[in-house]
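1. Model the following, please.
(2 chains)
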Protein chains: 2
Amino acid sequence: MARVVVDVTLKPEILDPQGRAVQGALGRLGLQGVTDVRQGKQFVIDLDGELDDARLALLEELAGTLLSNPVIENYTLTVQELA
Amino acid sequence: MARVVVDVTLKPEILDPQGRAVQGALGRLGLQGVTDVRQGKQFVIDLDGELDDARLALLEELAGTLLSNPVIENYTLTVQELA
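-> Here you go, the predicted structure:
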């Protein structure tokens, strides 16, 4: 069994209005010194069996197409082997 | 300077229709053996100055109220010190 975590974030040059709204709210609620907030998505994917190279390659491809929009988003893929 | 990453996930007992949709799509696109997908949110918060205990405590509180809904969501908070 394997768990793959895909974090999807907006590219740095893309405006993030949700993050900006959270930044404002944190300040109004008393948290000082917040210079930036970016909001992203996270997918936690559980797979049975062993995660071989073929499945990992397909998962990489799908992370860059289905799970994220390559025009405006970056992704990172982290593999965790589960007991 | 510090960076705090807050990951917000639905509690395990809460149905995740978005995750279920992604699970179905991954299968249709040829990825075998996906047993579960959960979709969550991620906030990357940059702060200037040193992150002292008072600010960290406030951030913990806001992570559990502003950034997540404690009825249906869990959060994890990770502190990264930046150069």
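
2. Please make it C-alpha for all contacts and neighbour counts, starting now.
-> OK.

3. All the helices of chain A, residue numbers only.
-> When assigned using DSSP state H, the helices of chain A occupy the ranges A:17-28, A:53-63.

4. what packs against the longest one?
-> In this case it means helix A:17-28. Where contact means 3 or more C-alpha pairs under 8 Å, 6 or more residues apart in numbering or on different chains; DSSP states H and E, helix A:17-28 is packed against strand A:34-47.

5. Parallel or antiparallel, which strands does the strand it packs on pair with?
-> For strand A:34-47, the pairing partners within the sheet under DSSP bridges are strand A:2-10 (antiparallel), strand B:34-47 (antiparallel).

6. Pull the contacting residues for residue A:30.
-> Counting by C-alpha atoms under 8 Å, 6 or more residues apart in numbering or on different chains, residue A:30 makes contact with nothing.

7. Please read the previous query as pertaining to residue A:77.
-> Listed by C-alpha under 8 Å, 6+ apart, the contact set of residue A:77 reads A:4, A:5, A:6, A:7, A:60, A:63.

8. how much space between the last one and residue A:78?
-> Using C-alpha to C-alpha, to the nearest Å, one gets 11 Å for the distance from residue A:63 to residue A:78.

9. Looking at those two, which one has more neighbours?
-> Applying other C-alpha atoms under 10 Å in any protein chain shown to residue A:63 and residue A:78 shows that residue A:63 carries more neighbours, namely 22 against 11.

10. Please report how far the more buried one lies from chain B.
-> Using C-alpha to the nearest C-alpha, to the nearest Å, one obtains 10 Å as the distance from residue A:63 to chain B.

11. Touching, that residue and residue A:5? I think so.
-> No: at 10.0 Å, residue A:63 and residue A:5 do not qualify as touching, with contact defined as C-alpha atoms under 8 Å.

12. circling back: dump the helices of chain A into TSV; add mean pLDDT as well.
-> TSV is the format used below for those (pLDDT from 0 to 100):
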stretch	mean pLDDT
helix A:17-28	96
helix A:53-63	95
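
13. Residue A:34 is nearest to which of the strands paired with strand A:34-47?
-> Residue A:34 lies closest, by C-alpha to C-alpha, to one member of the strands paired with strand A:34-47: strand B:34-47, at 4.4 Å.

14. So which bits of the closest one are buried?
-> Burial within strand B:34-47, assessed by neighbour count using 16 or more other C-alpha atoms under 10 Å in any protein chain shown, is assigned to B:34, B:36-47.

15. Now render the residues you listed as CSV, adding pLDDT.
-> Listed next are these as CSV, based on pLDDT from 0 to 100:
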residue, pLDDT
B:34, 96
B:36, 96
B:37, 97
B:38, 97
B:39, 97
B:40, 97
B:41, 97
B:42, 97
B:43, 97
B:44, 96
B:45, 96
B:46, 95
B:47, 95
